[in-house]
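Novice: Please find the sequence and the predicted model below.
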Amino acid sequence: MQNRIQTGLDNFLAAPPPAVRSARLGLLMNQASVNHEFRYACDLLAETLPGQLRVLFSPQHGFRGEQQANMIESPHARYGPLDLPVYSLYAETRRPTDSMLADIDCLLIDLQDVGTRVYTFVWTMLECLHACAQNNVRVIVLDRPNPLGGTVVEGPTLENGFRSFVGGSEIPLRHGLTIGELAQLLNAEEHLDVELTVVPMSSWHRSMLFPNTGLTWVPPSPNMPRWQSAILYPGQVLLEGTSLSEGRGTTMPFEVTGAPALNADRFLAAVRQHEHPGVGLQAIRFQPTFDKWKHVTCGGLAIHILDAAAIRSVQLTISMIEAARQLAPQELSWLPPPYEYETVKPPIDILFGSNRLRNRLNAGTPLGPDELNDLISYDEEDWRDRISQHLIYEDRDLR
């Protein structure tokens with residue numbers, strides 16, 4: 001059997017820091033916040049530190065991960081087994097209020113991120129860091145693996161003026177950091193001055209994709225059913241800003257793409273004009289059961305993962321969007337706001353991190369390889385300098 005890494009939760013439970021042994025605790029978590037026996041973090045903490053856990057918080061999709069995306073809010077609730085309140089941080093507020101934090105001294109955060117700027121969990125964490133700094137509440141992040149590993153970064157970097165709840169800092173689209181490393185970076189760069197501790201994992205290395213961790217994938221959100229979904233997500237999430245289906249409403253979200261106006265075979269031929277390492281592409285037809293094109297047959301592509309380490313999904317998805325707009329320019333469109341609480345900027349702009357992609361593809365002329373590379377480039381030296389003092393794990397393979 002493959003050796004299993006120890007998560008931050010595992011290490012915290014094995015040796016709780018002395019500073020928390022008498023503290024009143026809160027916990028931000030969801031259904032993926034489990035140990036290797038699939039026991040919830042809140043139940044384990046209540047056993048290890050009896051009587052100290054006072055309140056629970058949940059991110060987007062809810063405590064049990066049952067809600068769909070894009071402003072489908074979760075109500076506040078109660079966790080019956082421990083008789084604790086569960087405050088939703090994807091409801092009327094995305095930042096804990098003073099009253100929500102009034103009964104705790106320390107907030108623990110145990111969330112499975114997916115390694116992409118657009119995923120909202122890290123921005124919920126940032127909102128918690130802001131609130132805890134204002135309320136003198138200590139924060140402890142229980143680190144978990146980046147399922148994409150920590151050696152590959154994909155741009156673009158979010159540009160100034162395009163911050164939103166799917167991008168609260170100027171970081172690359174695929175950032176290559178764990179949630180604990182991101183917490184340290186954000187705490188420093190946002191000048192929050194919160195008392196922050198990260199409980200690291202044991203035996204995790206940057207070169208590890210999720211299967212190498214020995215852990216079992218527990219979906220952190222409804223449309224992230226497999227870790228393979230996460231590999232394609234950095235690019236495929238851009239489709240949420242377009243009329244192309246990203247596969248929501250199918251059994252393969254983020255692994256199929258299409259629209260009714262597309263001829264699957266012509267779409268495949270157009271996308272193959274660029275090289276896309278690590279994937280096999282198949283012309284298909286599919287019919288979503290909800291979300292975009294509900295009950296309408298779409299022509300499109302299935303993305304098969306051949307070599308996960310080689311995949312560069314941002315490049316792949318931009319090629320798909322360009323091909324779709326070339327083949328059906330009157331029917332393939334940019335979706336209007338609102339999107340994730342942004343009511344002015346087009347969703348594609350806050351997803352991509354600037355208006356550069358939309359403006360370039362609106363020009364209508366074919367996108368050459370050099371232009372594609374320019375669109376998704378990022379300043380590697382600057383990013384390395386920014387993150388160097390916040391890396392927790394060996395970085396000799398970071399690129």
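Specialist: Ah, there it is.
Novice: What residues sit buried inside stretch 19-26?
Specialist: 20, 23, 24, 25, 26 (16 or more other Cβ atoms under 10 Å). Every C-beta, even on glycine, is put in place using the N, C-alpha and C of the backbone.
Novice: domain parsing for the chain?
Specialist: The chain breaks down by automatic domain parsing into domains covering 8-218+384-390, 227-362.
Novice: re the thing from before, so can I have JSON lines of the buried residues of stretch 19-26 showing distance to residue 274, pLDDT and secondary structure?
Specialist: Converted to JSON lines, these look like this (distance: Cβ to Cβ, whole Å; pLDDT from 0 to 100; DSSP: H, G, I helix; E, B strand; the rest coil):
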{"residue": "20", "distance to residue 274": "51", "pLDDT": "95", "secondary structure": "helix"}
{"residue": "23", "distance to residue 274": "53", "pLDDT": "97", "secondary structure": "coil"}
{"residue": "24", "distance to residue 274": "55", "pLDDT": "98", "secondary structure": "coil"}
{"residue": "25", "distance to residue 274": "50", "pLDDT": "98", "secondary structure": "strand"}
{"residue": "26", "distance to residue 274": "47", "pLDDT": "98", "secondary structure": "strand"}
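Novice: Stretch 253-263: end-to-end distance?
Specialist: Stretch 253-263 has an end-to-end distance of 20 Å (Cα to Cα, to the nearest Å).
Novice: Apologies, that question was intended for stretch 230-250.
Specialist: Stretch 230-250 has its terminal residues 16 Å apart, counting by Cα to Cα.
Novice: swap in stretch 71-86?
Specialist: Note: stretch 71-86 ends 19 Å apart using Cα to Cα.
Novice: Check the offset of that stretch from the chain's centre.
Specialist: 22 Å (Cα atoms, centre = their mean, to the nearest Å).
Novice: now it: mean pLDDT?
Specialist: For stretch 71-86, the mean pLDDT works out to 96.
Novice: In that stretch, which residues are buried?
Specialist: Result for stretch 71-86 [16+ other Cβ under 10 Å]: buried residues 74, 77, 79, 82, 84, 85, 86.
Novice: tell me which of the residues you listed is nearest to residue 44?
Specialist: residue 82 (11.1 Å; Cβ to Cβ).
Novice: Specify the local secondary structure of the residue lying closest to that closest one once chain neighbours are set aside.
Specialist: Take residue 82 and drop its neighbours on the chain: the residue closest to it by Cβ to Cβ, 6 or more residues apart in numbering is residue 46, 5.5 Å away. Residue 46 falls in the helix class when you classify it by DSSP: H, G, I helix; E, B strand; the rest coil.
Novice: wait, doesn't residue 46 sit right on residue 53?
Specialist: Yes - using Cβ atoms under 8 Å, residue 46 is in contact with residue 53, at 5.1 Å.
Novice: which of those two has more neighbours?
Specialist: residue 53 (23 against 19; other Cβ atoms under 10 Å).
Novice: Distance check, the more buried one against residue 111.
Specialist: 16 Å (Cβ to Cβ, to the nearest Å).
Novice: again with residue 160
Specialist: 27 Å.
Novice: So which of those two has more stuff around it?
Specialist: Remark: of residue 160 and residue 111, residue 111 carries more neighbours, 22 against 9, as counted by other Cβ under 10 Å.
Novice: what about that one, is that helix, strand or coil?
Specialist: Under three-state DSSP, residue 111 comes out as coil.
Novice: Can you classify the closest residue to residue 254 other than its chain neighbours as helix, strand or coil?
Specialist: Once flanking residues are discounted, residue 254 sits nearest to residue 236: 4.2 Å by Cβ to Cβ, 6+ apart. When classified by three-state DSSP, residue 236 comes out as helix.
Novice: The most centrally placed residue in the chain: what's it in contact with?
Specialist: Geometric centre of the chain, nearest residue: residue 119, 2.8 Å, by Cα atoms, centre = their mean. Each residue near residue 119 by Cβ atoms under 8 Å, 6 or more residues apart in numbering is listed here: 113, 166, 233.
Novice: if we can go back for a sec, shared neighbours, residue 46 and residue 53?
Specialist: Common neighbours of residue 46 and residue 53 (Cβ under 8 Å, 6+ apart) are residue 82.
Novice: Test my guess that residue 204 contacts residue 212.
Specialist: No - taking contacts as Cβ under 8 Å, residue 204 lies outside contact range of residue 212: 9.0 Å.
Novice: which of the two has more neighbours?
Specialist: Applying other Cβ under 10 Å to residue 204 and residue 212 shows that residue 204 carries more neighbours, namely 25 against 15.
Novice: Spatially nearest residue to that one (excluding sequence neighbours)?
Specialist: Nearest non-adjacent residue to residue 204, counting by Cβ to Cβ, 6+ apart: residue 5, 4.8 Å away.
Novice: now do residue 115
Specialist: Nearest to residue 115 is residue 148, by Cβ to Cβ, 6+ apart, at 3.9 Å.
Novice: From the structure, what's the count of residues near that neighbour?
Specialist: What residue 148 shows, counting by other Cβ under 10 Å, is a neighbour count of 28.
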